[in-house]
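# Sequence and computational prediction follow.
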Amino acid sequence: VQLVESGGGLVQAGGSLRLSCAASGSTFTISAMGWYRQAPGKQRELVASMTSDGGSTNYADSVKGRFTISRDNAKNTLYLQMNSLKPEDTAVYYCNAEKLVYYIDGERRYDYWGQGTQVTVSS
């Protein structure tokens with residue numbers, strides 16, 4: 001699975017951006033996709049995720065009501081619409097794809113990552 005993000009940039013506080021993540025390869029094996037972010041000096045954190053069927057979404061408390069995750073299965077593309085951006089949203093945003101493989105002794109999770117896209121929100 002290969003992931004390529006786009007859509008990052010510099011925006012003023014209160015503005016909006018939409019991130020895109022194009023997936024290719026064995027996308028039929030993906031069980032869920034999501035967006036993570038990592039600010040300087042901080043750990044990578046989950047921003048939003050969605051199951052492969054789109055039936056379940058999950059958001060970090062800090063972005064609820066402002067960010068929306070969505071996907072276009074025909075284009076194998078994941079999106080993150082970010083509204084009402086704040087300076088604390090500044091980070092490198094990474095697209096993630098999760099694959100679960102079931103073995104006799106249990107399931108294992110494999111993660112795939114994009115290269116990241118910088119989002120900078122100025123005050």
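Received the coordinates, thanks. The structure displayed is predicted, hence computed values, not measured ones.

# hang on, residue 65 in a strand?
No: according to DSSP: H, G, I helix; E, B strand; the rest coil, residue 65 belongs to no strand; its state is coil.

# residues near it, how many?
Close neighbours of residue 65, defined as other C-beta atoms under 10 Å, add up to 9. Any C-beta I mention is one placed from the backbone N, CA and C, and that applies to glycine too.

# any idea how far residue 117 is from it?
Per C-beta to C-beta, to the nearest Å, residue 65 is found 22 Å from residue 117.

# Please identify the helix or strand for the residue nearest to residue 116 when sequence neighbours are not counted.
In this structure, residue 116 finds its nearest non-sequential neighbour in residue 92, 4.3 Å apart by C-beta to C-beta, 6 or more residues apart in numbering. Residue 92 belongs to strand 91-103 when assigned by DSSP states H and E.

# Name the strands paired with whatever helix or strand comes next after that strand and say parallel or antiparallel.
Next in sequence after strand 91-103, counting helices and strands by DSSP H and E, comes strand 106-113. Sheet pairing of strand 106-113 (DSSP bridges) gives strand 91-103 (antiparallel).

# Identify all contacting residues around the partner strand.
1, 3, 5, 8, 19, 21, 23, 27, 29-39, 42, 44, 47, 49, 78, 80, 107-114, 116-119 (C-beta atoms under 8 Å, 6 or more residues apart in numbering).

# Which PyMOL command selects the buried ones in the residues you listed?
Selecting only the buried entries of the contacts of strand 91-103 in PyMOL, with 16 or more other C-beta atoms under 10 Å as the criterion:
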select buried, resi 1+3+5+8+19+21+23+27+30+32+33+34+35+36+37+47+49+78+80+112+114+116+117+119
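
# How about stretch 9-22, which residues are buried there?
For stretch 9-22, burial by neighbour count (16+ other C-beta under 10 Å) applies to 11, 17, 19, 20, 21, 22.

# go on, stretch 52-63?
52, 59, 63.
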